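Q: Below are the sequence and a predicted model; questions follow.
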Amino acid sequence: MAKPSVGVSEVGVSAAPAQAACPCPGTLFPYPPPRGAGIAASVRRKCLQVELGAGAGGAWGALESMRASSPTHAKAAAALAAGVDVDDERAAWMARHPSALGKFEEIVAASEGKRIVVFLDYDGTLSPIVDDPDAAFMSETMRMAVRSVAKHFPTAIVSGRCRDKVFEFVKLAELYYAGSHGMDIKGPAKAASSRHAKAKAKGVLFQPASEFLPMIEEVHERLAEATRCIPGAKVENNKFCVSVHFRCVDEKMWGELSEAVKGVLRGYPKLRLTQGRMVLEVRPGIKWDKGRALEFLLESLGLAECASVLPVYIGDDRTDEDAFKALRRRGQGVGILVSKHPKETAASYSLREPAEVMDFLLRLVEWKRLSRASLRHRLLQ
Ligand SMILES: O=P(O)(O)OC[C@H]1O[C@H](O[C@H]2O[C@H](CO)[C@@H](O)[C@H](O)[C@H]2O)[C@H](O)[C@@H](O)[C@@H]1O
């Protein structure tokens, strides 16, 4: 298996994913994605810029990013700057990123002759967003849906959380887990079915940032100390990354929080700062993300061949954009963004909330059962 190139990444993410010629028929990605009127260009640019510059600050600082990530701010700014009717904007966005439930038949039709592999983000995708990160439980019905999906398709959870923690929430041993934004990858603990035996025999386990472990420990302690006096701030150790939550911090204190985080990171030039949903994410500055984790898992499963696989990735966060972009680079796959609001995204489809994710997963299972039954029926005739 090819080892990844590990090195300090450049700060700044290009707005548009690199265009890849797709050699495969039946791609679901119209690329480049049509750009309708709607979110004003300046707001779009801000929504796309996820690297914040850990040192002296990038062209665009952490505080501005924190403000723009607030749904109220982003919406108000977009409406103000573009004078756009919010309903029109939503309709235009839905035309570009239609509901994966509404387009279900189109999606499964694209899987003809291919093996579907399912990738699921955790927070905001399988569990609703809540104030307390330690209380982001998934429902038992969602767990049953994921378990059923994993019976039919290789299934992976790809999360910003530490792998052990996300496993504690999901509690399904038959899945692949990629924790710490894909920097901690492990295969199923025990055999789920003989179909997966090949990948298991390879013993999938990969930690491309292991040398950062002591540094992350240290920076976690320093961040906890530096933000102790900011009410509502919460620092979470995600093993290869650290999350600094500001969901419960008064907006007036966001400036102080971002200064505290940047102050600590000045001493750690090998780390980088990105942002998720009301959270600043400190991570090793290596070229590794959820997109690379997706590629790694496909390769481990022996399914990297473009013609034989249809990866389906469902996620809600900026960090999931790396996986959506990876699918576009492959020129094939189904990227589904979970969002109630129009957002710039490299995903092709959308779902509004975790409840719709569960409906989609259950439909996938039902479709698989029916197509198997119909195949059996045809063989017996
Ligand atoms: O990649 P994910 O599985 O989506 O993890 C991303 C971050 O998720 C968690 O934070 C988010 O969910 C919390 C609980 O709903 C919420 O309080 C917080 O505001 C969100 O950002 C998790 O706590 C982070 O460590 C993950 O990096």
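A: Cool, the structure landed. Numbers count the residues shown, from 1 in each chain.
Q: Residue numbers of this protein in contact with the ligand?
A: If contact is defined as C-beta under 6 Å from any ligand atom, the residues of the chain in contact with the ligand are 121-124, 129-131, 133, 136, 159-161, 236, 238, 243, 245, 247, 276-279, 281, 317, 319. From N, CA and C alone the C-beta is placed, and that goes for glycine too.
Q: Model confidence for Ala201, exactly?
A: According to the per-residue confidence, Ala201 scores 49 in pLDDT.
Q: Hmm, I typed the wrong one, I wanted Gly113.
A: Among the per-residue scores, Gly113 shows a pLDDT of 89.
Q: Kindly report the same for Ala307.
A: 80.
Q: about what we covered before: give me the subset of the residues of the chain next to the ligand lying in strands.
A: Among these, the members found in strands (DSSP state E) are 236, 243, 245, 276, 279, 281.
Q: Between which two of the residues you listed is the distance greatest?
A: Glu236 and Gly276 (11.2 Å; C-beta to C-beta).
Q: Common neighbours of the two, please.
A: Ser243 (C-beta atoms under 8 Å, 6 or more residues apart in numbering).
Q: picking up where we left off before, which among the residues of the chain next to the ligand count as buried?
A: 121-124, 129, 133, 136, 159-161, 236, 238, 243, 245, 247, 276-279, 281, 317, 319 (16 or more other C-beta atoms under 10 Å).
Q: which residues touch the closest residue to the ligand within the stretch 101-250 of the chain?
A: When scored by C-beta to the nearest ligand atom, the stretch 101-250 of the chain has Gly160 as its residue closest to the ligand, at 2.7 Å. For Gly160, the contact set (C-beta under 8 Å, 6+ apart) comprises 123, 180-181, 238, 241, 243, 276, 281, 317, 319.
Q: which residues of the protein score low on pLDDT?
A: Low-confidence segments of the chain, defined by pLDDT under 70, are located at 1-61, 69-80, 82, 84, 190-204, 306.
Q: Could you list every helix and strand that the helix ranked longest in it packs against?
A: Using DSSP state H to assign secondary structure, the helix with the most residues in the chain is helix 354-380. Judged by 3 or more C-beta pairs under 8 Å, 6 or more residues apart in numbering; DSSP states H and E, the packing partners of helix 354-380 are helix 104-109, strand 115-120, helix 140-152, strand 309-315, strand 334-338.
Q: Mean neighbour count and distance to Asp85 for these - can I get that in CSV?
A: Below are these laid out as CSV (neighbours: other C-beta atoms under 10 Å; distance: least, C-beta to C-beta, whole Å):
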stretch, mean neighbour count, distance to Asp85
helix 104-109, 15, 28
strand 115-120, 23, 34
helix 140-152, 18, 35
strand 309-315, 26, 28
strand 334-338, 26, 22
